[in-house]
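> Generate coordinates for the sequence data below:
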Amino acid sequence: MSITDKPKDFQTLFLDMNSFFALVEQQVQPPLRGLPIGIAPYIGGTGCIIAASREAKNFGVKTGCLVKEAKKLYHNIKIIESRPALYMIYHKEIKKVIESFTPHYQTLSIDEFVINLTSYEQNLSVATKLGQAIKDKIRLDVGDFLTCSIGIGPNRFLAKMAGERKKPDGLTIVQLKNLQEFYSGIKLLDITGINHALEFRLKNSGIANPLDFFQADLPKLRAVLNHGGRLWHYRLRGYEVDDYATFTKTIGHSHVLAPEYRSPAGAKSVLRKLIYKAASRLRAEGFFAGGIFVAISFYDGPSFKKSRRVSPFSDTRSFTSNVFEMLKDCNWYSNPSYVSVSVFNLSSSRTMQISILP
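Take a look at the predicted model:
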């Protein structure tokens, strides 16, 4: 399906494992079940929470916050050092479950998968049964404490959005005839791909909410967002504009900092989370990286950007140490606004000895 094809219902199933790292720890350590726990690569006060259990989220603990901040929110939260090798084992078992139902799937990250539904599966009854069967088999074959949210929709964007509507352990379907109702029930920042900067830009152009965004015509969106406006026009209406395969040249993540992270310490904590996510993708996609790029923008000063070629790596520890070595050259102003980190000069891990480090 592409932008030239008329959108249809029940095209895509999006699977997102709930609080994946935290639930894996609760799966293998039953005494942790029901307790607020946070997962961090470094468990000291300046460590960054990369996953929080449902119980921890109930106390306001979110991914990206510092360990010391999590402990202020709930003093007795248990912080567990991350175990990437363990999470990869469970990731591979989940892939086996999906492969037992269909070969038409794509791994997006360690905890996200997208399935292109066949013509037989493209109806309400069969798609719903498939989604529930996958959920049940993950619980039965992989772990009884693991849950996932599944969304089904006309394209992968709307399927992902549907899955986000009911967490944890949901199964939600969005259909073309219900799009106005769907967009009426959410905020701009609830839309996948909308950050604070883009929200501000849309609102300044008279697009105050998702329904306005959906109802805006193509010329309006092109005027506001240039070429991206065309993609958004079709994406919001169920056309598939995100399902394309390219040769991977870089892997990275970026983040517009929320007000509470607009400080050097906050920016560094978010960078640690982004590094962890990018390193997990690097290993999941079977690459070693030979270069690193890091960028930080500031409200009150010029941006910092630096790249460096390094010895090939795939582990989080090497990635983190290299980035923070590069940051020694950063002139830190008081109000950082945006952070970005990526790796380049990728090579297949099949031709190299795999690192034993997480």
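
> Around Gly193, how many other residues sit close by?
Residues near Gly193, counting by other C-beta atoms under 10 Å, number 13. C-betas here are computed from N, CA, C, even on glycine.

> okay, which residue of the protein is out on the far edge from center?
In the chain, the greatest distance from the average C-alpha position (C-alpha atoms, centre = their mean) is reached by Pro219, at 30.4 Å.

> ok, that one to His233 distance?
The gap separating Pro219 from His233 is 9 Å, by C-beta to C-beta, to the nearest Å.

> Mind telling me what element the residue farthest from the centre of the chain is part of?
Applying DSSP states H and E as the criterion places Pro219 in helix 218-225.

> do Val97 as well
In this structure, Val97 is located in helix 84-99 according to DSSP H and E.

> dump the residue contacts of Gln175.
The neighbours of Gln175, taking C-beta atoms under 8 Å, 6 or more residues apart in numbering as the test, are Asp9, Gly153, Pro154.

> neighbouring contacts of stretch 112-122?
Contacts for stretch 112-122 (C-beta under 8 Å, 6+ apart): 1, 8-17, 94-95, 98, 101-102, 104-108, 126-127, 130, 152, 156, 159-160, 243.

> What's the PyMOL line that selects buried ones from these?
The command below creates a PyMOL selection of those among the contacts of stretch 112-122 that count as buried (16 or more other C-beta atoms under 10 Å):
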select buried, resi 1+9+10+11+12+13+14+15+16+17+94+98+101+105+107+108+127+130+152+156+159+160+243
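
> re the thing from before, let me have the contacts of Gln175 in CSV, adding distance to Leu176 and pLDDT as columns.
Shown next, in CSV, are the contacts of Gln175 (distance: C-beta to C-beta, whole Å; pLDDT from 0 to 100):
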residue, distance to Leu176, pLDDT
Asp9, 6, 97
Gly153, 9, 98
Pro154, 6, 97
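
> one step back: tell me the helices and strands packed up against the helix or strand just after the helix holding Val97.
Heading C-terminal from helix 84-99, the first helix or strand you meet, by DSSP H and E, is strand 105-109. Counting contacts by 3 or more C-beta pairs under 8 Å, 6 or more residues apart in numbering; DSSP states H and E, strand 105-109 packs against helix 84-99, strand 112-116, helix 264-284.

> Do me a favour and average the pLDDT over strand 105-109.
Averaging pLDDT along strand 105-109 yields 87.

> Just the helices from the stretch 201-350 of the chain, written as ranges.
210-215, 218-225, 227-236, 264-284, 316-326 (DSSP state H, counting those that start in this stretch).

> Buried residues, the fourth one. List them.
Taking 16+ other C-beta under 10 Å as the neighbour-count basis, helix 264-284 is seen to contain the buried residues 264, 266-284.

> how about Asn195, what does it touch?
Residues near Asn195 by C-beta under 8 Å, 6+ apart: Leu189, His255, Val256.

> care to break the protein down by domain?
1-174, 188-245, 251-351 (automatic domain parsing).

> Just put those domains in JSON lines and tack on distance to Glu181.
Output for the domains of the chain, formatted as JSON lines (distance: least, C-beta to C-beta, whole Å):
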{"stretch": "domain 1-174", "distance to Glu181": "9"}
{"stretch": "domain 188-245", "distance to Glu181": "9"}
{"stretch": "domain 251-351", "distance to Glu181": "29"}
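
> Return the member of those domains having the minimum mean pLDDT.
domain 251-351 (a mean of 89).

> Give me the distance between that domain and the centre of its chain.
For domain 251-351, the separation from the chain centroid amounts to 16 Å (computed by C-alpha atoms, centre = their mean, to the nearest Å).

> Could you number the chain from 757 rather than 1 from now on?
With the count now opening at 757, the last piece we talked about shows up as domain 1007-1107.

> residues contacting Met773?
By C-beta under 8 Å, 6+ apart, the contact list for Met773 reads Leu779, Ile850, Asp867, Glu868, Leu902, Thr903, Cys904.

> related to what we said a few turns ago, what's the helix holding Val853 in contact with?
So helix 840-855 is contacted by 771, 773, 776-777, 780, 783-784, 861, 863, 866-867, 869, 871, 890, 893-894, 897-899, 902, 1035-1036, 1039-1040, 1072, 1114 (C-beta under 8 Å, 6+ apart).
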